[in-house]
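A.B. asks: My questions concern the predicted model and sequence given below.
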Amino acid sequence: MARPPRRLGNLPAEATSFVGRRRELTEVRKRLTEARLITLAGPGGVGKTRLAIRLANTLGRAFTGGAWLVELAEVRDSALVGDAVMAALDLRDQAAATPSSVLLSYLRDKRLLLVVDNCEHLLAATAGLVADVLRAAPGVRVIATSREPLSVPGEHVVPVPSLDLPRAGLPLAGLRQNEAVMLFAARAAAASGAFELTAANQAAVADLCRRLDGLPLAIELAAVRTRVLSAEQILGRLADRFGLLTGGGRAALPRHQTLRTTIDWSHDLLTAGEQALLRRLCVFAGRFTLEDIEAVCAYGDDVSALDLLSSLVDKSLVLKEDVRGLACYRLHETMREYAVLRLREAGEQEALGRRYAGYYTARCRRDAATARQRLAEWLDWMDLEIDNLRSVLRGCLTGGDPGRGLSLMYAIGYYWVTRAVNEGVRWLDELLASGGGPQERAQGWFMRGFLAVLQSDAAAARPALDAAVTCARESGPAPALGPVLAQSLSLASIAAAMAGDRQAADRLAGEAHVVTTGLGDDAATLMFLQSRALVGLFDGDLDVVRAVSAEGVRLGRATGDLYSLDMMLVNLGAATLIAGDFDEAEPLLTEALRIAYRIDDRVGQYVLLDALGCHAAGTGQARRAARLLGAAKTVRAGAGASILPYLAPLLAGAEEAGVAALGASGFAAEFAAGERLSRDAAVALALGEPAPESVAAAEESPLGRREAEVARLVADGLSNKQIGARLFISEHTVDSHVRSILNKLGVNSRAQIAAWMASSSQ
């Protein structure tokens with residue numbers, strides 16, 4: 001068996017079997033040969049998302065750029081649609097370019113499939129962005145899911161109906177081929193471990209599927225109850241519900257009412273504690289953890305949040321997923337809408353909203369004090385929770401509390417610095433225009449100026465930092481504002497130098513030095529050293545750069561401040577590289593790249609790939625240099641960044657040396673090969689190391705690390721129970737991994753998994 005080709009993209013593994021939809025699968029495949037936008041339209045709970053992901057998994061091999069899922073269900077702000085698409089494609093809003101310009105530039109020459117899921121609440125913004133993508137990128141195809149069409153020119157709408165219903169009198173063999181019955185039987189077997197469609201229960205199952213109008217979500221909610229009820233009992237209880245709504249008859253209800261009634265039935269079978277937790281979970285805008293639940297939602301009940309949550313997950317009312325090894329949870333969008341209604345009925349929304357905002361604000365303020373010392377871990381948490389923090393920020397604007405919002409923006413400043421500069425600018429501009437007290441405004445203007453400096457936007461940075469200085473001084477001797485004042489003056493010196501105003505840069509540096517010296521604050525000292533290093537690089541004063549950067553490296557190591565250490569290593573490495581001290585430059589640059597990679601700072605990564613490419617060119621490694629420079633271009637474009645001025649002469653010299661060594665066509669070929677490298681592979685090349693295991697797996701296998709372990713043990717002939725014991729995971733988890741492996745490899749049996757493993761090891 002030939003090894004499957006590497007699959008690019010971010011599609012999630014299908015944790016459960018896919019049932020039916022042959023007509024829709026065939027129709028969309030046929031239409032995509034002509035249409036570039038297919039919208040799967042249908043009501044909530046009909047299975048649009050699952051169908052779209054199955055289509056993308058099936059069709060992804062035809063797209064060299066892969067298949068990518070953009071999830072909009074948790075995006076509540078239309079201004080963030082472009083950011084969501086960028087995040088899905090692993091691009092970064094980290095420089096001056098707008099998200100849409102970065103996105104369109106990236107997609108222009110790509111051939112890929114984009115799945116945009118749950119568009120209905122952001123219809124206008126999504127339609128506009130999709131239209132722009134289709135115009136700019138002829139190789140891109142889009143599958144959208146929505147409750148209504150996007151109304152974009154060229155859109156082909158494919159209605160997604162309920163599953164086929166079983167005809168009355170259909171024999172058992174025929175029932176086993178019916179889509180709705182197949183789904184019920186599959187989910188019931190997974191839930192109970194023992195369910196089987198038989199002659200004894202076939203009538204009840206068929207009638208149940210008809211009662212539920214073939215809606216997948218309704219069928220799955222009913223099927224999970226086979227853990228404690230028979231199919232006949234489930235039918236009887238649901239029939240009573242439907243009978244009340246139809247006057248005791250068997251008339252069909254509208255689909256939305258069928259689903260609402262089914263969810264009502266599942267809800268009413270919950271304990272009071274389970275009901276309370278389910279309705280309160282809708283307060284979360286995105287994923288949430290057990291810790292979040294315990295802090296925000298677990299009040300007024302004697303049962304532990306873990307027990308209640310476990311019960312809701314078991315009943316398929318809450319979805320569980322693992323993110324970087326951490327168990328996270330979310331609500332199906334239809335279930336979220338239902339929970340919102342229940343929360344309003346209970347009159348808890350205002351009090352719960354206050355707990356929610358208070359929890360995230362307090363945690364971020366608390367964590368801000370130590371974020372620098374554990375930046376990588378803190379950024380991982382921020383990546384997970386950012387949708388919830390966006391929700392709190394939006395609440396600060398709509399609720400008339402911009403001061404809280406500005407304070408929160410300051411507390412999580414390093415997220416915007418390393419992840420989303422443009423988005424941070426948008427939030428700050430809105431909040432600063434809305435008010436806030438002097439201390440919060442000083443913090444807000446400081447962050448606004450910081451982000452503008454990162455964007456190389458001196459015109460925006462200078463007035464923002466002037467305002468930060470003014471607010472900090474007018475607020476009096478507030479301890480919290482001393483570092484803000486000092487750092488604002490240091491950044492203002494950088495901004496003045498960027499604008500070519502050397503006199504102002506020197507004056508501001510002098511003021512920054514006086515304030516910083518009197519504080520004894522490490523963060524302020526590091527910012528001052530950074531300002532001196534950058535101004536020195538602008539001026540070409542390498543002696544100053546080396547001196548202040550060396551002190552910055554020492555202090556960064558001593559304090560554990562990863563971001564500042566990274567920047568100081570970049571400054572020192574650049575100065576030694578410009579001076580031609582290649583032996584001294586290499587360890588500085590490689591250490592900086594390891595840090596930039598760990599905290600996922602894309603601007604730092606591209607600068608260091610460029611610098612190490614120049615180092616390779618200067619030490620006679622022309623092919624490696626060309627590849628690193630090509631890779632740097634790709635990472636730079638993905639961050640929307642531009643070449644730093646002090647690197648431009650080095651890059652020109654590196655290209656000249658590469659062309660001299662390889663010839664113009666040889667250099668171009670190696671440069672292009674570098675452009676095609678994954679970011680992980682490019683970093684490994686720059687560090688002179690073999691690709692990490694995760695990178696090797698991505699290059700050589702469609703399986704993740706844990707899936708590869710399970711597949712090896714399957715090939716060794718172990719049962720799921722034996723594999724679970726070997727890997728210290730549950731048998732249920734092993735079963736999920738095996739199903740995912742079967743889906744990813746496109747095979748149907750454990751023997752075929754073993755055959756694939758044997759062929760892939762040759």
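C.D. replies: Here it is on my side, so go on.
A.B. asks: neighbours around residue 327, how many?
C.D. replies: Residue 327: 12 surrounding residues under other Cβ atoms under 10 Å. To be clear about C-beta, it is placed using only N, CA and C from the backbone, and glycine gets the same treatment.
A.B. asks: Not counting residues beside it along the chain, what's closest to it?
C.D. replies: residue 320 (6.3 Å; Cβ to Cβ, 6 or more residues apart in numbering).
A.B. asks: Same question for residue 319.
C.D. replies: Leaving aside its sequence neighbours, residue 319 sits nearest to residue 330 (Cβ to Cβ, 6+ apart; 5.3 Å).
A.B. asks: Give me the mean pLDDT for stretch 485-505.
C.D. replies: Averaging pLDDT along stretch 485-505 yields 95.
A.B. asks: And stretch 432-442, by the same measure?
C.D. replies: Mean predicted confidence for stretch 432-442 is 93.
A.B. asks: how long is that stretch end to end?
C.D. replies: Using Cα to Cα, to the nearest Å, the end-to-end distance of stretch 432-442 comes out at 10 Å.
A.B. asks: right, and residue 544 touches residue 532 too?
C.D. replies: Yes - assessed by Cβ atoms under 8 Å, residue 544 is found in contact with residue 532 at 6.4 Å.
A.B. asks: Would you mind telling me which of those two has the busier surroundings?
C.D. replies: The neighbour comparison of residue 544 against residue 532 (other Cβ under 10 Å) goes to residue 532, with 25 against 16.
A.B. asks: is it true that the more buried one touches residue 509?
C.D. replies: Yes - judged on Cβ under 8 Å, residue 532 makes contact with residue 509 at a distance of 6.8 Å.
A.B. asks: Pull out the CA atoms of the helix or strand harbouring residue 127 and give them to me as CSV.
C.D. replies: Using DSSP states H and E, residue 127 maps to helix 123-136. Only the C-alpha atoms of helix 123-136 are listed here, as CSV (Å, rounded to 0.1, in the frame of the first residue of the first chain):
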residue,chain,number,x,y,z
LEU,A,123,-23.6,37.3,7.3
ALA,A,124,-22.6,40.7,5.8
ALA,A,125,-19.0,40.7,7.0
THR,A,126,-18.5,37.1,5.9
ALA,A,127,-20.1,37.6,2.5
GLY,A,128,-17.9,40.7,1.9
LEU,A,129,-14.7,38.8,2.9
VAL,A,130,-15.6,35.7,0.8
ALA,A,131,-16.3,37.9,-2.2
ASP,A,132,-12.9,39.6,-1.8
VAL,A,133,-11.2,36.2,-1.5
LEU,A,134,-12.9,34.9,-4.6
ARG,A,135,-11.9,37.9,-6.6
ALA,A,136,-8.3,38.0,-5.5
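A.B. asks: Now do the same contact list for residue 320.
C.D. replies: Residues in contact with residue 320, defined by Cβ atoms under 8 Å, 6 or more residues apart in numbering, are 313, 327-329.
A.B. asks: And for residue 176?
C.D. replies: Shown in contact with residue 176 (Cβ under 8 Å, 6+ apart): 182, 185, 197.
A.B. asks: ok, and the most crowded of those residues?
C.D. replies: The most crowded member of those, judged by other Cβ under 10 Å, is residue 185 (24 neighbours).
A.B. asks: per-residue confidence for that residue?
C.D. replies: At residue 185, pLDDT is 91.
A.B. asks: Residue 472 now?
C.D. replies: pLDDT at residue 472 comes out at 92.
A.B. asks: ok, for it, nearest residue in space, not its chain neighbours?
C.D. replies: That would be residue 485: by Cβ to Cβ, 6+ apart, it lies 3.9 Å from residue 472.
A.B. asks: Let me know how buried that neighbour is, in neighbour terms.
C.D. replies: Using other Cβ under 10 Å, residue 485 has 25 neighbouring residues.
A.B. asks: Would you double-check that it falls in a strand?
C.D. replies: No - counting by DSSP: H, G, I helix; E, B strand; the rest coil, residue 485 is located in no strand; its state is helix.
A.B. asks: any idea how far it lies from residue 519?
C.D. replies: Distance check for residue 485 against residue 519: by Cβ to Cβ, to the nearest Å, it reads 9 Å.
A.B. asks: same check, this time on residue 546
C.D. replies: 25 Å.
A.B. asks: distance between the longest helix along the chain and the chain's centre?
C.D. replies: Determined from DSSP state H, the single longest helix within the chain is helix 648-675. Per Cα atoms, centre = their mean, to the nearest Å, the displacement of helix 648-675 from the mean C-alpha position of its chain is 34 Å.
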